[in-house]
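**Student:** Below: sequence and its predicted model.
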Amino acid sequence: MYIITKEIYFCYGHRLMHLQGKCRNLHGHSVKASISIKSEQLNQQAMVCDFADVKDCVAAFIDDVLDHNFLVHKDDPIIPALEANQERFLALDEHPTAEVLSKMIYQYVKQHGFDVDQVVLWETASANACYREN
């Protein structure tokens with residue numbers, strides 16, 4: 001099995017409204033997403049795929065949906081204030097954790113034809129969440 005990994009960097013804000021720790025408050029992250037693509041065989045150029053193809057796919061999703069966006073749970077009571085101030089935000093069915101974001105990126109890349117091994121989202125230099133399927 002061959003595996004390549006492309007890293008993408010972006011920023012987002014969120015809060016985890018029912019958490020007892022300090023992350024229940026509004027805050028932001030500068031994160032790294034590591035997207036790993038797998039293949040049993042190499043293509044005609046002796047590659048799993050071109051890193052640029054992975055970057056182009058992921059960058060489109062991240063730029064449109066996640067980067068410099070404020071992520072909230074759909075039931076967050078701050079939503080009316082965000083709307084009233086015409087702030088950019090994305091309301092999710094799940095709490096906007098690193099685990100949920102890694103799954104969102106995984107599913108997007110997979111839907112665009114890549115054989116994704118895993119997506120790891122580094123929320124800090126020492127903490128990450130990973131999503132992969134069996």
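**Tutor:** It's in. Numbering: from 1, shown residues only.
**Student:** what's the helix or strand for the most far-flung residue of the chain relative to its centre?
**Tutor:** Largest separation from the mean C-alpha position in the chain: Q44, at 30.2 Å (C-alpha atoms, centre = their mean). Under the criterion DSSP states H and E, no helix or strand holds Q44.
**Student:** same deal with H18?
**Tutor:** Residue-wise, H18 maps onto no helix or strand under DSSP H and E.
**Student:** which ones are touching the residue lying closest to it once chain neighbours are set aside?
**Tutor:** With sequence-adjacent residues excluded and distances taken as C-beta to C-beta, 6 or more residues apart in numbering, H18 is closest to R24, at 7.1 Å. Every C-beta, even on glycine, is put in place using the N, C-alpha and C of the backbone. If a contact means C-beta atoms under 8 Å, 6 or more residues apart in numbering, then R24 has R15, L16, M17, H18 as its contacts.
**Student:** Leaving out chain neighbours, which residue sits closest to L16?
**Tutor:** Nearest to L16 is C23, by C-beta to C-beta, 6+ apart, at 4.8 Å.
**Student:** Which pLDDT value does the model give the residue nearest the centre of the chain?
**Tutor:** Nearest residue to the geometric centre of the chain (C-alpha atoms, centre = their mean): L101, 4.0 Å. As predicted, L101 sits at a pLDDT of 98.
**Student:** try R24
**Tutor:** For R24, pLDDT reads 88.
**Student:** mind checking how far it is from K32?
**Tutor:** 24 Å (C-beta to C-beta, to the nearest Å).
**Student:** what secondary structure does V72 sit in?
**Tutor:** Under DSSP: H, G, I helix; E, B strand; the rest coil, the three-state class of V72 is strand.
**Student:** contacting residues for it?
**Tutor:** H14, R15, M17, I78, I79, L82, F89, L90, A91, L92, P96.
**Student:** Could I have the buried ones of the residues you listed as PyMOL selection syntax?
**Tutor:** Buried residues among those (16 or more other C-beta atoms under 10 Å), as a PyMOL selection:
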select buried, resi 14+15+17+89+92+96
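**Student:** Between the contacts of V72, which sits nearest T124?
**Tutor:** Using C-beta to C-beta, H14 comes nearest to T124 of those, at 13.6 Å.
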